[in-house]
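[1] Have a look; sequence and predicted model below, questions after that.
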Amino acid sequence: MEAIKINVNKQIDGYTFSIAPSIRELIKKWFPDSHPANNIFVSYDTKSDFEAYYRRLETYIYPALLGVNNQKEFNKKVDEILFIDTQTGSLLHKYKTTD
Amino acid sequence: MKRNYHLYLGKAGHLNIMSEFLIRGWNVAIPEVDIGDDIFVVQDDNGILRRVQVKTATAAVRKNSFSGQFKIPLTQLKNISSILVHYVFIIRCGNHWTKPVIIRQDYLLEHWQNDKVGSEHKDFLKLYFSFADNKVECSGYDFSKYVSDFSDFPLAEV
């Protein structure tokens, strides 16, 4: 089981979530039908609106970013998703795929 | 050497790289306000925009090789936004420019974080490129695959 690191960059108007090229290659190797994205931008107001009605945005960001459809198979390989601040290197949020 | 020669060298490097993009059918522009990006490179037909940062150096020549040293602000390198920066490194060696070494921001960031490429010095990443036997190395890591890597700037179709 592995942990996947997602970079979070706070900008003036929102967050950019991204994964490293090696993570993209790893995901493509594990799941050839996947379509991992370079990055996803979410504005601050979208994030706060979303979280008022649903739950933490990060829960929905990682499937979109990694582009893996088969969640069951994904959970067999990855147990943790770590959201890391790119500027400081600090851990912003940790998500257990079994949660 | 002329006073402030590095400014002339830097501009010459920009113009050299701008001409490469133009030859490939990509339009180029220099931002009116300098906020870090050197060149905007645009595909006119569909509006695809790429941000390019050009880094120039003069070669330090040795017997069978030469090298160039560059520095990049770490805040810029770590600032991943929806449009990634392409770093273009060129070295003036004698009367010629080397082929450009083109690395997209996320790849360079990963080389620094995972492969320990370059060295950190006062909020800058220092990169030392060594050219020998048709091979380019940085911190012992082979960067030859990035030489003239225009894959993100494909030739515009007629």
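    The structure has been received and is ready for your questions.

[2] Show residues contacting the longest strand along chain B.
    Counting residues, the longest strand found in chain B (DSSP state E) is strand B:48-58. The contact list for strand B:48-58 (C-beta atoms under 8 Å, 6 or more residues apart in numbering or on different chains) reads B:9-10, B:12-14, B:17, B:21, B:26, B:36-42, B:68-70, B:72, B:76, B:83-93, B:152-153. Placement of C-beta: from N, CA and C, glycine included.

[3] Stretch B:138-158 now?
    Contacts to stretch B:138-158, defined as C-beta under 8 Å, 6+ apart, come from residues B:20-21, B:24-26, B:41, B:43-45, B:50, B:86, B:99-104, B:107, B:111, B:115-119, B:127-130, B:134-137.

[4] mind checking which helix or strand the most centrally placed residue in chain B is in?
    The centroid of chain B falls nearest to B:Val88 when counting by C-alpha atoms, centre = their mean (1.5 Å). Element membership for B:Val88, per DSSP states H and E: strand B:85-93.

[5] Check B:Arg3 too.
    Applying DSSP H and E, one finds B:Arg3 in no helix or strand.

[6] Could you report the pLDDT at it?
    pLDDT recorded at B:Arg3 is 82.

[7] how close does it sit to B:Asp34?
    In this view, B:Arg3 and B:Asp34 are 21 Å apart by C-beta to C-beta, to the nearest Å.

[8] again with B:Ala156
    Counting by C-beta to C-beta - B:Ala156 and B:Asp34 are separated by 27 Å.

[9] Determine how far the last residue of stretch B:31-49 lies from the first.
    Using C-alpha to C-alpha, to the nearest Å, one end of stretch B:31-49 lies 13 Å from the other.

[10] Tell me the residues of chain A that contact chain B?
    Within chain A, the positions near chain B by C-beta under 8 Å from any C-beta of the partner chain are A:7, A:9, A:11, A:16, A:18, A:20-22, A:38-39, A:41, A:86-87.

[11] Pipe those into TSV and attach pLDDT and distance to B:Asp142 per row.
    What follows is the residues of chain A next to chain B, written out as TSV (pLDDT from 0 to 100; distance: C-beta to C-beta, whole Å):
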residue	pLDDT	distance to B:Asp142
A:Asn7	93	25
A:Asn9	93	28
A:Gln11	88	33
A:Thr16	94	29
A:Ser18	94	25
A:Ala20	94	19
A:Pro21	94	16
A:Ser22	93	16
A:Asn38	89	24
A:Asn39	91	26
A:Phe41	92	33
A:Thr86	91	26
A:Gln87	90	29
